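A.B. asks: Build me a structure from this.
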Amino acid sequence: MSLASVVFFGVGCYTVAVLGEAMPWIAVLVVAALIGGLLALVVGLATLRLAGIYFVIFTFGLAELVRQLVTWYEVNVTASVGRYVFLDVTQPQIFWQLLALLAAVLVGAVALQRSRLGFALRVIGGHETMARHFGLNPTSAKLALFVGTSVIMSLAGAIMAPRWTYIDPAIAFNSTLSFQVVIMALLGGMHRIWGPLLGAVLMSFLFEALGARFPQAFSLLLGLVFIVIVYLLPYGIVGRVEDLLARLRREPEPARLRPENAHE
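C.D. replies: Numbers count the residues shown, from 1 in each chain. Next comes the predicted model:
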């Protein structure tokens, strides 16, 4: 599990803030994807041998480190706190671009599931040591997945950047985003492709409601939601629904023969 999603989201935002007025929009998106992919490759080569809680802690620390570095650069080099983004990109265009990115992600997820890499990832997720005995390379597989998902987050940040007219490190590298991504995936169910999509839809409405009604306690409520999901829905909504359907399909146990009917 990675808590560095916001790093690549922020990289996409700042790529647009820096290059948005100097390059065509498509070129800016390509550059954002390349920067995010190269950064993920460097980080992955250095750290993906870490596993479990160590990798989670590292990615969380990486997000905070990048935010502080960008803040230092803005204050000491550019003598400002953030950047303004004025681009001729409308809200409907942002919506359709995000929808196209979602479609590409879903198609890619289906293709990945049916590919050799997808098989390798499922084996690694089940038992990494066994995967090594089968001749698979867990480090290469996880690195490929880490780079691919990082490119997606960079594109998402780049597409979203014009929605805000002002970007600073606190906005672009807000660590809450990384936790929101994890909560969405956990709520829907990570073992099915459409599980995180379901979780994203439901949690988006919940986040909007909590942010509008309880802005001062949003982080506290977000933590409580995280605890409830992990405790009550360890396999997400999809897992709970599949469990209920399995129980309904299960045939009832045959009734025991009564003593008085034993001769039958």
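A.B. asks: contacts and neighbour counts: CA atoms only from here.
C.D. replies: OK.
A.B. asks: give me the low-pLDDT residue ranges for the stretch 1-150 of the chain?
C.D. replies: Within the stretch 1-150 of the chain, the segments meeting pLDDT under 70 span 48, 126-131, 133-135.
A.B. asks: All the strands of it, residue numbers only.
C.D. replies: Using DSSP state E, counting those that start in this stretch, the strands of the stretch 1-150 of the chain run over 83-84.
A.B. asks: What segments of it are helices?
C.D. replies: Counting by DSSP state H, counting those that start in this stretch, residue ranges of the helices within the stretch 1-150 of the chain are 5-19, 25-47, 53-76, 91-113, 116-126, 128-133, 138-160.
A.B. asks: Could you single out the most deeply buried of those?
C.D. replies: Most buried of these, by mean neighbour count (mean count of other Cα atoms under 10 Å): helix 5-19, with a mean of 26.
A.B. asks: Who are the packing partners of it?
C.D. replies: helix 25-47, helix 53-76, helix 138-160, strand 166-167, helix 169-172, helix 176-188 (3 or more Cα pairs under 8 Å, 6 or more residues apart in numbering; DSSP states H and E).
A.B. asks: What distance do you get for the residue nearest in space to the middle of the chain to residue 222?
C.D. replies: Centroid check for the chain by Cα atoms, centre = their mean gives residue 181 as the closest residue, at 4.4 Å. Residue 181 is 12 Å from residue 222, where distance means Cα to Cα, to the nearest Å.
A.B. asks: And residue 243, by the same measure?
C.D. replies: 27 Å.
A.B. asks: For the two, work out which one has more neighbours and name it.
C.D. replies: Taking neighbours as other Cα atoms under 10 Å, residue 243 and residue 222 compare with residue 222 leading, 19 against 12.
A.B. asks: who touches the more buried one in this structure?
C.D. replies: For residue 222, no residue meets the contact criterion (Cα atoms under 8 Å, 6 or more residues apart in numbering).
A.B. asks: Which element, helix or strand, includes it?
C.D. replies: Using DSSP states H and E, residue 222 maps to helix 218-232.
A.B. asks: Now that helix - C-alpha only, CSV.
C.D. replies: Only the C-alpha atoms of helix 218-232 are listed here, as CSV (Å, rounded to 0.1, in the frame of the first residue of the first chain):
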residue,chain,number,x,y,z
PHE,A,218,-13.0,16.9,8.5
SER,A,219,-9.7,15.1,9.3
LEU,A,220,-11.1,13.6,12.5
LEU,A,221,-14.2,12.3,10.7
LEU,A,222,-12.0,11.0,7.9
GLY,A,223,-10.0,9.0,10.4
LEU,A,224,-13.2,7.6,12.0
VAL,A,225,-14.4,6.5,8.5
PHE,A,226,-11.1,4.8,7.9
ILE,A,227,-11.4,2.9,11.2
VAL,A,228,-15.0,1.8,10.5
ILE,A,229,-14.3,0.6,7.0
VAL,A,230,-11.3,-1.5,8.1
TYR,A,231,-13.1,-2.9,11.1
LEU,A,232,-16.6,-3.6,9.6
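A.B. asks: Okay, buried residues for it please.
C.D. replies: Within helix 218-232, the residues that qualify as buried are 218, 221, 222, 225, 226, 229, counting by 16 or more other Cα atoms under 10 Å.
A.B. asks: show me what contacts the fifth one?
C.D. replies: With contacts defined as Cα under 8 Å, 6+ apart, residue 226 is in contact with residue 183.
A.B. asks: Check it and give its pLDDT.
C.D. replies: Note for residue 226: predicted pLDDT of 82.
A.B. asks: could you say what helices and strands the very next helix or strand once past the helix holding residue 222 packs with?
C.D. replies: Moving toward the C-terminus from helix 218-232, the next helix or strand (DSSP H and E) is helix 236-249. If contacts are counted by 3+ Cα pairs under 8 Å, 6+ apart, helix 236-249 sits against helix 176-188, helix 194-213.
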